[in-house]
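In: Please work out how this folds:
(chains A, B, C and D)
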There are 2 protein chains.
Amino acid sequence: MTEPSGRRERKKAATRQRIADTALRLFLERGYDAVGIRDVAAASDVAVTTVFSHFASKEALVFERDQDFEQRLTRAVAERPPHEPLIPALHREVQALVRHCLAEGSAPVRRMIEGSPALREYEESMSLRHAQALAAALAADPRLPRSVTACRATARFTIDAYALACQAEDPEATVDEIFRMITAAWEATAP
Amino acid sequence: MTEPSGRRERKKAATRQRIADTALRLFLERGYDAVGIRDVAAASDVAVTTVFSHFASKEALVFERDQDFEQRLTRAVAERPPHEPLIPALHREVQALVRHCLAEGSAPVRRMIEGSPALREYEESMSLRHAQALAAALAADPRLPRSVTACRATARFTIDAYALACQAEDPEATVDEIFRMITAAWEATAP
DNA sequence: GAACGTAACCCTAACAGTTAGGTTTTCGCA
DNA sequence: TGCGAAAACCTAACTGTTAGGGTTACGTTC
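Out: Numbers count the residues shown, from 1 in each chain, chains lettered A, B, ... in the order given. Okay, here's the model as predicted:
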């Protein structure tokens, strides 16, 4: 009952990665709707059930790395320097995330997501989870004596800023503009 | 090519309503997941394809009346008295919508929605559409010389207020609190 | 009122995502 | 080598959804 010594975990991770990579390649080559789960499984040389043991749904294959997103946001709050105010820390992190989302090579993926209602819907529901995680991080910070409602609203506003910026013509300016609004909103909740 | 004289439209509307009513009854009786489309069709005495000719998806059966929501919001903006400021008008309408959503008899439906990931996800994607419609209404109002970004952000914040209030312990107070934040955010966008 | 175009509806069959059930393979450790 | 467990497999189904093509009832037009 000691810790597994590695090969098994590495193989599992490798399988997962192979499936995700194959799926993304097929999706970009032929279009998301034109590729079935059975195609992904065959091209990855695994069984269909194996795909679903690694990914909860077809959409999840596309958003393989979304845990990062959540962690980066909550860490930006929890691990910021002791006396740094909340909003600038969030602002900076959202800027970074937007840049990352629109970086070189991400454009085709972005287009694919925008082109599929199923993927857009899935992304939206991820946003909800991210907002809840961020709200929890805000509520847990002893430096922020705010109401639960204020935390939840600020968390959603922050996610909104990210979502709107990713679709805007000038993403960075959009983040800045919305964060001016969030700053005012946050200050209005001061005790 | 004159207007149809009524019977056809009435029959169509009646069929639609019968399907929606039957579906909601079955969902509440047995649970959303335990009722299939084929069950709904059989109990409504129509073919499966007829169900889908009236409703775009299984989830849409539950949110039969969501067009109202969007219209009420956009009208609250477009048809408010000539000199009434935007935010109070929105605030009032959101309060009314929240009350409506939590009125007598809505509790079991609410519970059903909260209990089903598919329904929550669908509701979230409806929110996105509502936010876009509201953003368009804001951008179209000549009394509001604001940037597109400000309109979009305000629209999403407003929808956030509604969504958070519907789940909060004290919904009306939650709306009030978030609208204090939205007021500050909106004023920060003044030219 | 008979004829006609079409909207609403029906049926069957299929497709695609997803899951259950139960088996085989691979690994980690004794 | 043997054993327990995790990972992967296969088959077969279930469920939402759609395509294809036919039937009925309505509204219009002559």
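In: use CA for all of it now, contacts and neighbours both
Out: OK.
In: got the residues of chain A near chain B?
Out: Contact residues (Cα under 8 Å from any Cα of the partner chain) of chain A with chain B: A:121-122, A:124-125, A:128, A:149-150, A:152-153, A:156-157, A:160-161, A:164, A:174, A:177-178, A:180-186, A:188-189.
In: So how do I select the buried members of those residues in ChimeraX?
Out: In ChimeraX syntax, the buried subset of these is picked out as below (16 or more other Cα atoms under 10 Å in any protein chain shown):
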select /A:121,122,124,125,128,149,150,152,153,156,157,160,161,164,174,177,178,180,181,182,183,184,185,186,188,189
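In: Which of the residues of chain A next to chain B fall in helices?
Out: A:121-122, A:124-125, A:128, A:149-150, A:152-153, A:156-157, A:160-161, A:164, A:174, A:177-178, A:180-186 (DSSP state H).
In: Quote the end-to-end distance of stretch A:161-174.
Out: End-to-end distance of stretch A:161-174 (Cα to Cα, to the nearest Å): 8 Å.
In: Quick check: buried residues in it?
Out: So for stretch A:161-174, counting by 16+ other Cα under 10 Å, buried means A:161-166, A:171-172, A:174.
In: now swap in stretch A:110-127 and tell me
Out: A:112-113, A:119-127.
In: hmm, who's touching it?
Out: A:28, A:31-33, A:59, A:159, B:121-122, B:124-125 (Cα atoms under 8 Å, 6 or more residues apart in numbering or on different chains).
In: mind redoing it with 7 Å?
Out: A:59, A:159, B:121, B:124-125 (Cα atoms under 7 Å, 6 or more residues apart in numbering or on different chains).
In: which phi and psi does A:D170 have?
Out: Here is the backbone geometry of A:D170 (degrees, to the nearest 10): phi -120, psi 90.
In: ok, A:D141 to A:A184 distance?
Out: Note on A:D141: its distance to A:A184, by Cα to Cα, is 20 Å.
In: before we move on, the earlier item: quick one: the contacts of stretch A:110-127 as CSV, columns for pLDDT too.
Out: Compiled in CSV, the contacts of stretch A:110-127 are given as follows (pLDDT from 0 to 100):
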residue, pLDDT
A:E59, 97
A:I159, 98
B:E121, 93
B:E124, 93
B:S125, 94
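In: Closest one of those to DNA strand D?
Out: Closest approach to DNA strand D among the contacts of stretch A:110-127 (Cα to the nearest atom of the strand): B:E121, at 12.1 Å.
In: Which helix or strand contains A:R75?
Out: helix A:66-78 (DSSP states H and E).
In: That should have said A:P81, apologies.
Out: A:P81 belongs to no helix or strand when assigned by DSSP H and E.
In: Helix, strand, or coil at A:V35?
Out: coil (DSSP: H, G, I helix; E, B strand; the rest coil).
In: Who are the contact partners of A:R16?
Out: Neighbouring residues of A:R16 by Cα under 7 Å, 6+ apart: A:H54.
In: Could you measure from it over to A:I37?
Out: Computed with Cα to Cα, the distance linking A:R16 and A:I37 is 14 Å.
In: Can you pull out the low-pLDDT segments for chain A?
Out: Counting by pLDDT under 70, the ranges of chain A that qualify are A:1-5.
In: Around DNA strand D, pick out the residues from it.
Out: Proximity of chain A to DNA strand D, by Cα under 7 Å from any atom of the strand, involves residues A:8-9, A:11-12, A:15-16, A:45-50, A:53-54.
In: most surrounded residue in the residues you listed?
Out: In terms of neighbours by other Cα atoms under 10 Å in any protein chain shown, the residues of chain A next to DNA strand D top out with A:R16 at 20 neighbours.
In: Skip ahead from whichever strand or helix holds that residue and say which helix or strand is next.
Out: Secondary structure assigned from DSSP H and E places A:R16 in helix A:7-30. Using DSSP H and E, the helix or strand that follows helix A:7-30 in sequence is helix A:37-44.
In: Does anything pack onto the next helix or strand after that following helix? Which helices or strands?
Out: Counting by DSSP H and E, the next helix or strand C-terminal to helix A:37-44 is helix A:48-54. Under the contact criterion of 3 or more Cα pairs under 7 Å, 6 or more residues apart in numbering or on different chains; DSSP states H and E, helix A:48-54 touches helix A:37-44.
In: Thank you, goodbye.
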